[in-house]
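Participant: Provide a 3D model corresponding to the input given below.
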Amino acid sequence: MTEVWRFGCYPDGLINGVIVVDKPSGWTSHDVVNKLRRIANTKKVGHLGTLDPLATGVLPLVVGRATRLAQFYLKSEKVYDAVIRFGQSTNTYDSEGTPTSEMVRYTVGPEVEALLGRFRGTIQQTPPPVSAKKIGGTPAYKLARKNIEVELKPVEVTIHSIEWLGATGADLRVKVHCSAGTYLRSIAHELGQGVGCGAHLRELRRLMSGDFTIDEARTIAELEAMAAEGRLAQAVVPCGKMLPHIPSEVVDSITAGQIRQGRDFRVSPFRVTRGTQLVKALTSDGELIAIGEAKLPNIYHPILVL
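Facilitator: You can find the predicted model right below:
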């Protein structure tokens, strides 16, 4: 495999792939997108799921042609490390909001640990009133800024696990593995309601988003330094290595050309099993050509061509 493909860079010098950013607290996800656009000198940057300004951690950003693969990450699972403070609720369900209850002294005890069981499994969760959930096409947070009361409907989410990591005074630290669309702020708020003293999310750090983990995340400062030294491509997960759960098929140059023209392609039965709905078509250098969808046994039709 050539160096350009291994480092997620096409022969034209443009970066294509994912850069996993360790988002700093106080930044919106859009702030990070804009920053990376300047660092990478391209407008083609998007994210694979937002983080609240309060939160830090894994924010995968798709760059270049990889932006077209974002659709395959809509249901990515997440893992968070969160600190919940008991004793007061807020209108945003986190520490950046306006208090909606009087501050009371509270020490986290076993009664809180017992309440965590309510959140394990598939549950109905009401999003925070200050959130990106849309009402009539308008994000709820924009309506909240105008003091317009909103009523958000509960949505189904899955909490695969919620682990008690420790408690100090009024603060509880938990690790949560959950489905896309889960709000840790809502969990904090509902825990506060459960013990009757109010609670809000004090800290949040995302450790995993889909296939991307905190171990591969880079800070903004690290990315700026790499760009200044001409090494930014080394931070890229190339398109060919994205979506590792989808089987791949290496095709020859003639087949690659046919796929780019939208023609069906054959996949070896030794590479995929019957019932496999999607497959990645790769060149011998590891370039992702297309995502194919099953049409007939071992015959795939390109539904997305890069």
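Participant: where does the stretch 201-306 of the chain dip in pLDDT?
Facilitator: 273-275 (pLDDT under 70).
Participant: pull up the distance across stretch 204-215, start to finish.
Facilitator: 17 Å (C-alpha to C-alpha, to the nearest Å).
Participant: buried residues, that stretch. List them.
Facilitator: 204-214 (16 or more other C-beta atoms under 10 Å). No exception for glycine: its C-beta is placed from N, CA and C like everyone else's.
Participant: what's in contact with it?
Facilitator: 18, 20, 22-23, 48-49, 51-52, 54-60, 73, 76-83, 94, 175, 184, 237, 242-245 (C-beta atoms under 8 Å, 6 or more residues apart in numbering).
Participant: where exactly do the strands run in the stretch 201-306 of the chain?
Facilitator: Assigned by DSSP state E, counting those that start in this stretch, the stretch 201-306 of the chain shows strands spanning 212-213, 236-238, 248-250, 265-266, 278-282, 288-296, 299-305.
Participant: for residue 68, which of those strands is the nearest?
Facilitator: strand 299-305 (6.2 Å; C-beta to C-beta).
Participant: partner strands of the closest one, parallel or antiparallel?
Facilitator: strand 265-266 (antiparallel), strand 288-296 (antiparallel) (DSSP bridges).
Participant: show me the contact partners of the shortest one.
Facilitator: Think strand 265-266. Taking contacts as C-beta under 8 Å, 6+ apart, the residues outside strand 265-266 that touch it are 249, 251, 255, 258-259, 281, 292, 298-300, 302.
Participant: name every strand pairing with the helix or strand encompassing residue 124 and say which way it goes.
Facilitator: Element membership of residue 124 [criterion: DSSP states H and E] is strand 121-125. The strands that strand 121-125 pairs with in its sheet are strand 155-168 (antiparallel) (by DSSP bridges).
Participant: pull the partner strand out as PDB, backbone CA atoms only.
Facilitator: In PDB, the C-alpha atoms belonging to strand 155-168 read as follows (Å, rounded to 0.1, in the frame of the first residue of the first chain):
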ATOM      1  CA  VAL A 155     -37.900   8.700  22.400                       C
ATOM      2  CA  GLU A 156     -36.700   5.100  22.700                       C
ATOM      3  CA  VAL A 157     -33.000   4.800  23.600                       C
ATOM      4  CA  THR A 158     -30.900   1.800  24.900                       C
ATOM      5  CA  ILE A 159     -28.600   2.000  27.800                       C
ATOM      6  CA  HIS A 160     -26.300  -1.100  27.300                       C
ATOM      7  CA  SER A 161     -24.600  -0.400  30.700                       C
ATOM      8  CA  ILE A 162     -24.300   2.200  33.400                       C
ATOM      9  CA  GLU A 163     -21.500   1.600  35.800                       C
ATOM     10  CA  TRP A 164     -21.000   3.200  39.200                       C
ATOM     11  CA  LEU A 165     -17.400   4.500  39.200                       C
ATOM     12  CA  GLY A 166     -17.500   6.300  42.500                       C
ATOM     13  CA  ALA A 167     -19.000   9.000  44.600                       C
ATOM     14  CA  THR A 168     -17.600  12.000  46.500                       C
END
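Participant: and that strand, how far out from the chain's middle?
Facilitator: 17 Å (C-alpha atoms, centre = their mean, to the nearest Å).
Participant: give me the sheet partners of the following helix or strand past it and which way each runs.
Facilitator: Per DSSP H and E, the first helix or strand lying C-terminal to strand 155-168 is strand 171-178. Here strand 171-178 is paired, per DSSP bridges, with strand 78-86 (antiparallel), strand 155-168 (antiparallel).
Participant: contacts for strand 171-178?
Facilitator: By C-beta under 8 Å, 6+ apart, strand 171-178 touches 77-86, 108, 112, 116, 157-167, 182, 184, 187, 191, 202, 207.
Participant: only whichever of those are buried, select them in ChimeraX.
Facilitator: To isolate the buried ones among the contacts of strand 171-178 in ChimeraX, judged by 16+ other C-beta under 10 Å, type:
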select :78,79,80,81,82,83,84,85,86,108,112,116,157,158,159,162,167,182,184,187,191,202,207
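Participant: how close does residue 65 get to residue 158?
Facilitator: Note on residue 65: its distance to residue 158, by C-beta to C-beta, to the nearest Å, is 32 Å.
Participant: burial measure for the nearest residue to residue 226 once chain neighbours are set aside, as a count.
Facilitator: Distances taken as C-beta to C-beta, 6 or more residues apart in numbering place residue 232 nearest to residue 226, at 4.8 Å, with adjacent residues excluded. For residue 232, the count of nearby residues is 24 (other C-beta atoms under 10 Å).
Participant: also residue 117?
Facilitator: Counted with other C-beta under 10 Å, residue 117 comes out at 9.
Participant: and residue 99, by the same measure?
Facilitator: Neighbours of residue 99 (other C-beta under 10 Å): 12.
Participant: next up, phi/psi of it, please.
Facilitator: phi -60, psi 140 (degrees, to the nearest 10).
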